[in-house]
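Undergrad: Could you work out the structure for the sequence below:
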Amino acid sequence: MSLFKVMDIAGTAMSAQSVRLNTVASNLANADSISSSANQTYKARKPVFATMLEEAQTASSSTMNGAAGVKIAGIMESAAPALKEYSPNHPLADDNGYIYRPNVNVVEEMADMMSASRSYQTNVQIAEVAKTLLSLTLRMGKN
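TA: Below you'll find the predicted structure:
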């Protein structure tokens, strides 16, 4: 596998982790929102990753140099129900006195944010090492 493919794979991983960080940020930004019905309440979102294996196999058969990366297959909303809270004096309370909060677990989101950030940093380091190795390889031909 060429060093350019290593950088391509690291690039797809960084892109995927960036989307993951954005969904975490969106979930945290909406964690304290309130609505008057369960249907209108913000639902936590999670990215779904998929390998680009099929594309790699196609490239592999034609150039013998295929490499799998990662892509975002979609963003899914959580199926967990909204949190129902009795608050009859709240201006957004429904006829029964309930307000609805998002199903966002802040602790889980913070852990997910740290994991995505570290994965992103790891892929940056991988790309930097590949670049250094490529540069050293080119210097070998100079002498």
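Undergrad: Can you name the residues in contact with stretch 47-54?
TA: For stretch 47-54, the surrounding residues in contact (C-beta atoms under 8 Å, 6 or more residues apart in numbering) are 12, 16, 19-20, 23, 68-76. Where C-beta positions appear, they are placed from N, C-alpha and C, glycine not excepted.
Undergrad: could you dump the residues you listed to JSON lines with distance to Glu109 and neighbour count?
TA: Below are these laid out as JSON lines (distance: C-beta to C-beta, whole Å; neighbours: other C-beta atoms under 10 Å):
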{"residue": "Thr12", "distance to Glu109": "24", "neighbour count": "20"}
{"residue": "Ala16", "distance to Glu109": "17", "neighbour count": "22"}
{"residue": "Val19", "distance to Glu109": "15", "neighbour count": "15"}
{"residue": "Arg20", "distance to Glu109": "11", "neighbour count": "22"}
{"residue": "Thr23", "distance to Glu109": "9", "neighbour count": "20"}
{"residue": "Ala68", "distance to Glu109": "28", "neighbour count": "16"}
{"residue": "Gly69", "distance to Glu109": "26", "neighbour count": "19"}
{"residue": "Val70", "distance to Glu109": "21", "neighbour count": "18"}
{"residue": "Lys71", "distance to Glu109": "23", "neighbour count": "14"}
{"residue": "Ile72", "distance to Glu109": "18", "neighbour count": "16"}
{"residue": "Ala73", "distance to Glu109": "21", "neighbour count": "12"}
{"residue": "Gly74", "distance to Glu109": "19", "neighbour count": "9"}
{"residue": "Ile75", "distance to Glu109": "15", "neighbour count": "14"}
{"residue": "Met76", "distance to Glu109": "15", "neighbour count": "13"}
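Undergrad: Which ones among these lie within strands?
TA: 70-76 (DSSP state E).
Undergrad: now, the most widely separated pair of those residues?
TA: Farthest-apart pair in those is Val70 and Met76; separation 16.2 Å (C-beta to C-beta).
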